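K.L.:
just to be clear, the model below is a prediction. Sequence and coordinates:
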Amino acid sequence: MRSESVLDHLLSEGIISEVLGRLQSGKEAEVFVVRCQGNVVAAKVYKDRAQRSFKNNSSYKEGRSVRNSRSQRAMERGSKYGKEAAEDAWKSAEVDALYRLHAANVRVPTPVMFFEGVLLMELVCDAAGNTAPRLIDVSLTPEQANAGYHDMLTQLVRMLSCELIHGDLSPYNVLWAAAGPTVIDFPQIVSAAQNTSSERFFLRDASNILGHFARIDRRLHTRSGDAHEIWRAYAHRDLTPDFLPTGKARPAPRPQASAARPQASAARPPAPRPQANRPGARANIPRAHANIPRNQGPGGRADAPFQRQLPARPSGDPRRPARAPEVLLARRPPVQASARPPLRPAPLSHARPGSPQSPRAEPARQPSEDSDRSRHRHRPRHRS
């Protein structure tokens, strides 16, 4: 198997001196108990993507970035080198989170070394010196659950003060150790400032872990708004590592879907009609004979004109002067004569044709009776 081959490589390199056994196997990695520099530590060997049961982690990785710009561009393109760089960045995310949270006094396993994709860290033990069990496997009294609840509140506040959210917190990822509840497994670590779903992840983590203690000690149900109070303090930049919720806050009520959709008449009242005295609004004046076509009068004849009353213009509008309602005819009004007088033909003058006083030529003369006689007079006669 790959895990055993990776441990053999660590043995050959002298990083570890002995493999004592397998501790547990999860959906992202397998944990072994090994001996390193004379101390018994836990070695976490990550699985390949093809072997992991949890693969849809794109929402968790939102906001993560690597320092190498070439690797970042390759990861965005999804090339072969980019996929390998994404795997390395996913493995190193837990290591970076452990070092950061351990420095902020969050109760997590102390990191020892990260070599060739294997994380070496402190082996968490219980009060008897044995390997600490998971919280889901421990039977607690109401007093222990109450104390564990307030302890986990402190851990959540300190983690959020570091701008980090576990993302997959549950009783399966908390060990009931001698020093107190210890948080483990951070491959799905979420950036609180750069992930758009950070609030949803935080409230879900708090509901999973705090609800477990509240089911044991029912008095804790009255503190259901503690997680919302912590997040509001973070959103308003008032959160400090020593912040303690008051327990008086209540979660925001969720909108409930109605059983039946109300009718449109009951849900939406009719919109008020615009008034005539409002600037820019049309008057609500009914038109006379609204059901009659424009070219037909009340008597039913197409040539009968009818009157249509137009709305009055608003009096408060300074751009449009107030006028009384106009009464117009449906027919087009006749064309009115313009102010310019029409052209009339010039009177005929008795001047000779061709003279400058006569703009028009003299009309042709009609043949008279005298002219006909003279024409017959000069016609030659036929001799018999």
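P.N.:
Good, I have the coordinates. Residues are numbered from 1 along each chain as shown.
K.L.:
please, where are all the helices along the stretch 151-300 of the chain?
P.N.:
Defined through DSSP state H, counting those that start in this stretch, the helices belonging to the stretch 151-300 of the chain, from first to last, are 198-216, 226-235, 264-267.
K.L.:
for residue 123, which of these is the nearest?
P.N.:
The closest approach between residue 123 and any of the helices of the stretch 151-300 of the chain, judged by C-beta to C-beta, belongs to helix 198-216 at 22.3 Å. Where you see a C-beta, it was placed from the backbone N, CA and C, and this is true even at glycine.
K.L.:
let me have the helices of the stretch 151-300 of the chain in JSON lines, extended by distance to residue 111 and mean neighbour count.
P.N.:
Converted to JSON lines, the helices of the stretch 151-300 of the chain look like this (distance: least, C-beta to C-beta, whole Å; neighbours: other C-beta atoms under 10 Å):
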{"stretch": "helix 198-216", "distance to residue 111": "21", "mean neighbour count": "19"}
{"stretch": "helix 226-235", "distance to residue 111": "25", "mean neighbour count": "19"}
{"stretch": "helix 264-267", "distance to residue 111": "59", "mean neighbour count": "8"}
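K.L.:
for the ones you listed, give me JSON lines that also has mean pLDDT and distance to residue 174.
P.N.:
Rendered in JSON lines, the data for the helices of the stretch 151-300 of the chain read as follows (pLDDT from 0 to 100; distance: least, C-beta to C-beta, whole Å):
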{"stretch": "helix 198-216", "mean pLDDT": "94", "distance to residue 174": "6"}
{"stretch": "helix 226-235", "mean pLDDT": "95", "distance to residue 174": "16"}
{"stretch": "helix 264-267", "mean pLDDT": "44", "distance to residue 174": "48"}
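K.L.:
any chance of those in TSV, plus distance to residue 113?
P.N.:
Rendered in TSV, the data for the helices of the stretch 151-300 of the chain read as follows (distance: least, C-beta to C-beta, whole Å):
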stretch	distance to residue 113
helix 198-216	28
helix 226-235	32
helix 264-267	65
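K.L.:
the nearest residue to residue 242 once chain neighbours are set aside and residue 241: what is the separation?
P.N.:
Ranked by C-beta to C-beta, 6 or more residues apart in numbering and with sequence neighbours excluded, the top spatial neighbour of residue 242 is residue 157, at 8.0 Å. Taking C-beta to C-beta, to the nearest Å as the criterion, residue 157 is separated from residue 241 by 7 Å.
K.L.:
these two: who's more crowded?
P.N.:
Neighbours per residue, other C-beta atoms under 10 Å: of residue 157 and residue 241, the larger number sits with residue 157, 21 against 14.
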